[in-house]
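**Student:** A predicted structure for the sequence below; I have some questions about it.
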Amino acid sequence: MLFDAPDFDNHELVLFGRDPESGLKAIIAVHDTTMGPACGGCRMWPYATEADAVKDVLRLSRGMSYKNVMAGLPLGGGKSVLIGDPKTAKSDALFRAFGRMVESLGGRYIAAEDVGITVADVQVMGRETKHVAGLNHGAAASGDPSPFTAYGVYLGIKAAVKHRLGTDSLKGVRVAVQGLGNVGSHLCQRLADDGAVLVVSDIFADQAKQVVDRHGATAVDPSVIHAQDVDVFAPCALGGVLNEQSLPQLKAKVVAGGANNQLAVDAIGRQLRTLGVLYAPDYVINGGGIINVAGEVGGTYSKEAILAKVEAIHGTLADIFRRADAEDRPTNEVADQMARERLAAGRAKGMAKVA
């Protein structure tokens, strides 16, 4: 039963949508709207089972609540998934059907780009609903959020390297980047510009070849990217990469990447700490994209203000790392507690206004 699922975590709403004509099979999960309307990306992926899709959207949605509140944004947490192969199953009819599904929530959820979805796809959704963001047109259009996500991840890697390896420079630092989509490729550019040594992988060989040709990176099979002898492992693909099977093979001293839900289960965070691996909580380090989108949702877009908020990710992570050391606790537990404290404070403030 959905209410008893480990990842349900008191979601406010879970909506299942089906449109036989277009082939749409979608789920929208709204976790918490304490701080404002739920905002989070729409992901398209060929999930093996519907149960996998439900688990993913619930975990992603909760992560967005935590991500948005930790970034200080006036947004709640939500996420959506479309079940299908983004290489073969896309159509205008499908995205318009999903747009109508979003519109039915009356602004309670705002959709944006995520894995398998492009800005162009979101624009098609926008023909049926105004509750989309990350567009290329309009007075406050913010465009593709991926470069901002990558910038935040880059700054987070610098914060983690400083804390764990004791250096401000990335020159010569060995980084294994898993996933070379929009975020991973932009991240590689920034890392290469700083002199990092790159090892990369992607399930699409052509994307890996582009990064190899552009930056002199070494490409390896996706099945072994996590086991490379590097300083930093940067997961930028799908979640669950840190699990009971991969953990014993991990050689990096820092895990800091753009993927959501990198820990298969929360307990992995404690195991990482025991192993001496510094983990940058995913929803903190990858918050740059939603920070950019939030500028559009607010109706006015200032790139300078957005960049200032993204650059604050470095300091937020540094605070988490220090608190984790002071309390001898895993960084993911510390970040979760901080997020819950901020949400509780938001609820209390809202209740006080009502009273």
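**Tutor:** Okay, I see it. Residues are numbered from 1 along each chain as shown.

**Student:** At which residues are the strands of this protein located?
**Tutor:** 13-19, 24-32, 38-45, 76-83, 109-113, 174-178, 197-201, 218-219, 232-235, 254-255, 278-279 (DSSP state E).

**Student:** now the chain, which segments are flagged as low pLDDT?
**Tutor:** In the predicted model, the chain carries pLDDT under 70 at residues 1, 138-142, 351-355.

**Student:** Distance of the most centrally placed residue in it relative to Arg100?
**Tutor:** For the chain, Asn260 is the residue whose C-alpha lies nearest the centre (CA atoms, centre = their mean; 4.2 Å). Per CB to CB, to the nearest Å, Asn260 is found 26 Å from Arg100. (Each C-beta comes from the backbone N, C-alpha and C, glycine too.)

**Student:** Report the contact partners of the residue nearest to His163 when sequence neighbours are not counted.
**Tutor:** Distance criterion CB to CB, 6 or more residues apart in numbering; nearest residue to His163, sequence neighbours excluded, is Phe321 at 4.6 Å. The neighbours of Phe321, taking CB atoms under 8 Å, 6 or more residues apart in numbering as the test, are Ala159, Ala160, His163, Leu278, Thr331.

**Student:** Can you show me the helices along the chain?
**Tutor:** For the chain, helices defined by DSSP state H occupy the ranges 50-70, 92-103, 119-125, 146-165, 182-193, 205-215, 267-274, 282-285, 288-297, 303-327, 331-354.

**Student:** Could you dump those into CSV with distance to Phe16 added?
**Tutor:** Formatted as CSV, these follow (distance: least, CB to CB, whole Å):
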stretch, distance to Phe16
helix 50-70, 9
helix 92-103, 9
helix 119-125, 17
helix 146-165, 28
helix 182-193, 28
helix 205-215, 32
helix 267-274, 29
helix 282-285, 24
helix 288-297, 24
helix 303-327, 34
helix 331-354, 26
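
**Student:** Quick one, which of those gets closest to Asp19.
**Tutor:** Among the helices of the chain, the nearest to Asp19 by CB to CB is helix 92-103 (3.9 Å).

**Student:** List the buried residues of that closest one.
**Tutor:** If you call a residue buried by 16 or more other CB atoms under 10 Å, then helix 92-103 has these buried ones: Leu94, Phe95, Arg96, Ala97, Phe98, Gly99, Met101, Val102, Glu103.

**Student:** possible to save the residues you listed as TSV with distance to Pro248?
**Tutor:** Formatted as TSV, those follow (distance: CB to CB, whole Å):
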residue	distance to Pro248
Leu94	41
Phe95	42
Arg96	47
Ala97	44
Phe98	40
Gly99	45
Met101	42
Val102	42
Glu103	47
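
**Student:** show me what contacts the nearest residue to Arg323 once chain neighbours are set aside?
**Tutor:** In space, and not counting its chain neighbours, Arg323 is closest to Val334: 5.1 Å by CB to CB, 6+ apart. The neighbourhood of Val334, defined by CB under 8 Å, 6+ apart, consists of Ile320, Arg323, Ala324, Glu327.

**Student:** what's the answer for Pro86, then?
**Tutor:** By CB under 8 Å, 6+ apart, the neighbours of Pro86 are Met44, Trp45, Gly116, Ile117.

**Student:** ok, now Phe95?
**Tutor:** Counting by CB under 8 Å, 6+ apart, Phe95 has contacts Asp121, Val124, Met125.

**Student:** now do 10 Å
**Tutor:** 22, 24, 42, 44, 82, 117, 120-128 (CB atoms under 10 Å, 6 or more residues apart in numbering).

**Student:** Enumerate every residue touching the nearest residue to it once chain neighbours are set aside.
**Tutor:** Distance criterion CB to CB, 6+ apart; nearest residue to Phe95, sequence neighbours excluded, is Val124 at 4.0 Å. By CB under 10 Å, 6+ apart, the contact set of Val124 is Lys90, Ser91, Asp92, Ala93, Leu94, Phe95, Arg96, Phe98, Gly99, Thr118, Val132.

**Student:** let's see 7 Å
**Tutor:** Counting by CB atoms under 7 Å, 6 or more residues apart in numbering, Val124 makes contact with Asp92, Phe95, Arg96.

**Student:** Once you drop chain neighbours, what's closest to the last one?
**Tutor:** Meaning Arg96. Glu128 is the one closest to Arg96 (CB to CB, 6+ apart), at 5.0 Å.

**Student:** again with the first one
**Tutor:** In space, Asp92 comes closest to Val124 once its chain neighbours are excluded; the distance is 5.3 Å by CB to CB, 6+ apart.

**Student:** Is it correct that Gln207 is in contact with Leu180?
**Tutor:** Yes. Taking contacts as CB atoms under 7 Å, Gln207 lies within contact range of Leu180: 4.4 Å.

**Student:** neighbour-wise, which of the two wins?
**Tutor:** Taking neighbours as other CB atoms under 10 Å, Gln207 and Leu180 compare with Leu180 leading, 27 against 18.

**Student:** for the more buried one, phi and psi?
**Tutor:** Per-residue torsions, Leu180: phi -120, psi 40 (degrees, to the nearest 10).

**Student:** Spit out the contact partners of it.
**Tutor:** Applying CB under 7 Å, 6+ apart, the residues near Leu180 are Cys188, Val200, Asp202, Gln207, Ala208, Val211.

**Student:** returning to what we had before: let me know the closest of the contacts of Phe321 to Gly63.
**Tutor:** Thr331 (14.8 Å).

**Student:** Please name the spatially closest residue to that closest one (chain neighbours excluded).
**Tutor:** Nearest to Thr331 is Ala324, by CB to CB, 6+ apart, at 4.6 Å.
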